[in-house]
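S.K.: Build me a structure from this.
(one chain, ligands or ions: 2)
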Amino acid sequence: MSSLAVLHASELVTLSGSKRPRFGAELSEVGIVRDGGMLVRGGKIEKVGPSDEIEKNLGDAEIVDARGRVVMPGFVDAHTHLVFAGNRLGDFERRARGETYEQIAKAGGGICSTVEKTRAASEADLLAQAKTHANWFLRCGTTTVEAKSGYGLTVEDELKILRVLRQLKEEVRLEIVSTFLGAHAVPKKLSPDEYLDIVITEMLPRVTEEKLAEFCDVFCERGYFDIDQAHKILSAAKKLGLNLRGHVDQLTNSGGAKLMAEIGATTADHLEQTDGQGIAALKKAKVQPVLLPGSVYALGSSRYPRAREMIEAGLGVVLATDFNPGSSPTPSMPMVLSLACTQMKLAPAEAITASTLNAAYSLNRGDKIGSLEPGKLANFAIFDCEDYRELAYWFGIPQTHSVYIKGERIL
Ligand code: NIG
Ligand code: FE
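M.R.: Ligands and ions are numbered 1, 2, ... in the order given. Okay, the predicted model is just below:
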């Protein structure tokens, strides 16, 4: 079994000591060990502590000198749309001219334009583009991503995307958790109810039979799927054993947070328009909010979710990129940290917890990843800075030095 000793990190940010997501004031506890070290054996973390203690029992471990650098769990990005074809440069220019996301979608841009390109792409082409995206995530220090379907909107095209994800897992080291988002938009020529029927009676059974996803998601929004339709999809998915996530209250407050609470979802994502009642409902049902400030920024809006209220209410807040070609073309968790601190007033420590440990719990992987402690996978990143707060402070400059997954250096 190969072993590795990371030594002399200026800060080893452990996030250790919690068997559940961190809530409220706990979000600020990141567990820093100065001049920190870590022993890794067989892909797992064996020991974490001050370097002089780790050094006592090195055996044949390969030494990684982390002097002057921060060592952290790899980011866990709990909301991405990793597989799609092409880009949305046209939408981007139109937004710069002042058109809104909804106006652009009505005028032939939006999700449906990416659907057309994704349907036309072969599995091999999609896989090649997905590999490029996967590499972008790694370069930002992310070691696990959740990834959704949703740009197919026919049985075969949705399955195609999920199969690309399955193949991607075989071919790249980035860890991937798949989510079925058949209800991302209503395809042209079908009514919402006609399409809903296909999602429920044809897609969901195939997705679960072929074990292509762990979660089911839905875009609950004016012009997409309303509360009743979202409820139907999510309850059908739940019956088939899938866990639930949802795009809710992004552009309008339709009571989406309440729906996610009622149905027992794992996460409620976006929440830009969610009010105090929605926050209270999430708290009561222990639903984790996944906040996506990259999409608020890229859409040119200033309406960020009420993150401080969510933290103060005791929610297990998560931060993610929402990486997608339309509303959030960034794979960068450090960029998200910057936005979280400057726009949503999170402390850097809170933002780090939300993008590692809490994110891991939101993917049902809190026992394996998200912190650096004995027994967990050795998925970590080393950054070219001495203080973890620099990750949120400097922006627009990559600080990733190296990335390890299961104890192996992959970048
Ligand atoms: O999370 N809101 C819906 N889905 C994506 C946008 C997808 C797209 O525009 O292509 C989101 O923002
Ligand atoms: Fe999204």
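S.K.: Every contact and neighbour count from this point should use C-alpha atoms.
M.R.: Noted.
S.K.: quick one, what contacts residue 325?
M.R.: 84, 86-88, 114 (C-alpha atoms under 8 Å, 6 or more residues apart in numbering).
S.K.: helices or strands next to the helix or strand hosting residue 131 in the packing?
M.R.: Secondary structure assigned from DSSP states H and E places residue 131 in helix 123-139. In terms of contacts (3 or more C-alpha pairs under 8 Å, 6 or more residues apart in numbering; DSSP states H and E), helix 123-139 is packed against helix 155-171, strand 400-405.
S.K.: which parts of the stretch 201-350 of the chain sit against ligand 1?
M.R.: Listed as neighbours of ligand 1 in the stretch 201-350 of the chain under the rule C-alpha under 6 Å from any ligand atom: 219, 295, 322, 324-327.
S.K.: so the very next helix or strand once past the helix holding residue 131 versus helix 155-171, what angle?
M.R.: Per DSSP H and E, the first helix or strand lying C-terminal to helix 123-139 is strand 142-148. Counting by axes from the mean of the first three to the mean of the last three C-alpha atoms, to 10 degrees, strand 142-148 points 170 degrees away from the direction of helix 155-171.
S.K.: how much space between the residue nearest to residue 346 when sequence neighbours are not counted and residue 405?
M.R.: In space, and not counting its chain neighbours, residue 346 is closest to residue 340: 5.7 Å by C-alpha to C-alpha, 6 or more residues apart in numbering. When distance is defined by C-alpha to C-alpha, to the nearest Å, residue 340 is 26 Å away from residue 405.
S.K.: Among the helices and strands packed on helix 123-139, show me which one is buried the most.
M.R.: Burial of the helices and strands packed on helix 123-139 is given as mean neighbour count (mean count of other C-alpha atoms under 10 Å); strand 400-405 ranks first at a mean of 22.
S.K.: Summarise which helices and strands that one is packed against.
M.R.: By 3+ C-alpha pairs under 8 Å, 6+ apart, strand 400-405 packs against helix 123-139, strand 142-148, strand 380-383.
S.K.: Can you add mean neighbour count, distance to ligand 1 and mean pLDDT and give those back as CSV?
M.R.: Shown next, in CSV, are the helices and strands packed on strand 400-405 (neighbours: other C-alpha atoms under 10 Å; distance: least, C-alpha to the nearest ligand atom, whole Å; pLDDT from 0 to 100):
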stretch, mean neighbour count, distance to ligand 1, mean pLDDT
helix 123-139, 19, 15, 98
strand 142-148, 27, 10, 99
strand 380-383, 24, 26, 99
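S.K.: will you turn those into TSV that also has distance to residue 77?
M.R.: Shown next, in TSV, are the helices and strands packed on strand 400-405 (distance: least, C-alpha to C-alpha, whole Å):
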stretch	distance to residue 77
helix 123-139	9
strand 142-148	5
strand 380-383	14
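S.K.: Hmm, the residue nearest to residue 346 is touching residue 353, no?
M.R.: No. Residue 340 is not in contact with residue 353 according to C-alpha atoms under 8 Å; the separation is 11.9 Å.
S.K.: any idea how far the closest residue to ligand 1 within the stretch 51-200 of the chain is from residue 128?
M.R.: In the stretch 51-200 of the chain, the residue found nearest to ligand 1 is residue 111; the distance is 4.2 Å by C-alpha to the nearest ligand atom. Separation of residue 111 from residue 128 (C-alpha to C-alpha) stands at 21 Å.
S.K.: same question, residue 84
M.R.: From residue 84 to residue 128 the distance is 10 Å (C-alpha to C-alpha).
S.K.: what about the strands in the stretch 201-350 of the chain?
M.R.: All strands of the stretch 201-350 of the chain, identified by DSSP state E, counting those that start in this stretch, fall at 215-220, 243-244, 247-248, 267-270, 288-291, 318-319.
S.K.: Give me the helices and strands touching the fifth one, please.
M.R.: Okay, so that is strand 288-291. By 3+ C-alpha pairs under 8 Å, 6+ apart, strand 288-291 packs against strand 267-270, strand 318-319.
S.K.: Buried deepest among those, which one?
M.R.: With neighbours defined as mean count of other C-alpha under 10 Å, the helices and strands packed on strand 288-291 peak in mean count at strand 318-319, which reaches a mean of 32.
S.K.: elements contacting it?
M.R.: Strand 318-319 sits against strand 288-291, helix 348-354, helix 357-362, with contacts defined as 3+ C-alpha pairs under 8 Å, 6+ apart.
S.K.: Take these and write them to TSV, including mean pLDDT.
M.R.: Shown next, in TSV, are these (pLDDT from 0 to 100):
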stretch	mean pLDDT
strand 288-291	98
helix 348-354	99
helix 357-362	99
